[in-house]
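In: following is a predicted model, sequence given first.
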Amino acid sequence: MARMFYFKGKTLEELQKMTMDDFVRLIDSRARRQIQRAPVQYRKLLEKVKHANKMKKAIIETHFRSAVILPSWVGLKFGVHNGKQFVNVDITPEMVGRRLGEFSHTTGRVAHSGPGVGATRSSKFIPLK
């Protein structure tokens with residue numbers, strides 16, 4: 001049995017039928033403020049999403065990591081830039097109201113190995129203990 005998704009007591013279908021003003025009342029104040037003030041980057045991203053829906057484009061690439069995920073984006077695929085490359089993010093209902101950048105990490109795991117080529121003799125010494 002599939003688990004139903006609820007966001008602040010509303011199902012995904014109810015969220016998708018809502019107007020932007022009604023949805024804005026449900027999200028937290030920081031996200032609400034960004035959507036209401038809508039910087040130019042955010043408006044461009046919304047235009048990209050509309051165009052991609054019409055053209056059935058596979059991935060929508062963006063550098064705008066602070067964009068709030070809207071209910072109408074569920075099921076779309078975004079390429080979110082992490083500073084080096086675009087990371088593919090599939091939007092699921094649980095991501096609604098959060099930021100795109102939360103799902104495209106900018107830092108990776110660093111695995112240090114032994115001393116490098118130009119290391120001095122003293123730094124190459126590894127105690128056996």
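Out: Structure received.

In: C-alpha only now, for contacts and for neighbours.
Out: OK.

In: low-confidence stretches in this structure?
Out: 1, 115-119, 121-126, 128-129 (pLDDT under 70).

In: do that again at 80, thanks
Out: Where the chain drops to pLDDT under 80, the residues are 1-2, 53, 55-57, 112-129.

In: ranges for the helices of it?
Out: Shown for the chain, the helices assigned by DSSP state H span residues 12-17, 20-26, 29-37, 40-55, 121-124.

In: can you pull up the most central residue in this structure?
Out: Leu100 (1.9 Å; CA atoms, centre = their mean).

In: was I right to think that residue contacts Ile69?
Out: Yes - Leu100 lies in contact with Ile69 (CA atoms under 8 Å); the separation is 6.6 Å.

In: ok, back up a step: what distance do you get for the residue nearest to the centre of the chain to Ser113?
Out: 33 Å (CA to CA, to the nearest Å).

In: cool, Met4 as well?
Out: Counting by CA to CA, the gap from Met4 to Ser113 is 46 Å.

In: buried sites along stretch 67-77?
Out: Of all the residues in stretch 67-77, those buried under the rule 16 or more other CA atoms under 10 Å are 67-74, 76-77.

In: apologies, that question was intended for stretch 36-55.
Out: In stretch 36-55, counting by 16+ other CA under 10 Å, buried: 42, 45, 48-49.

In: need the max-distance pair from these.
Out: Greatest spatial distance in the buried residues of stretch 36-55: Tyr42 and Val49, 10.6 Å, computed using CA to CA.

In: excluding chain neighbours, give the residue nearest to Gly83 in space.
Out: Of all residues not flanking Gly83 in the chain, Thr106 sits nearest, at 6.5 Å (CA to CA, 6 or more residues apart in numbering).

In: many thanks, we can stop here.
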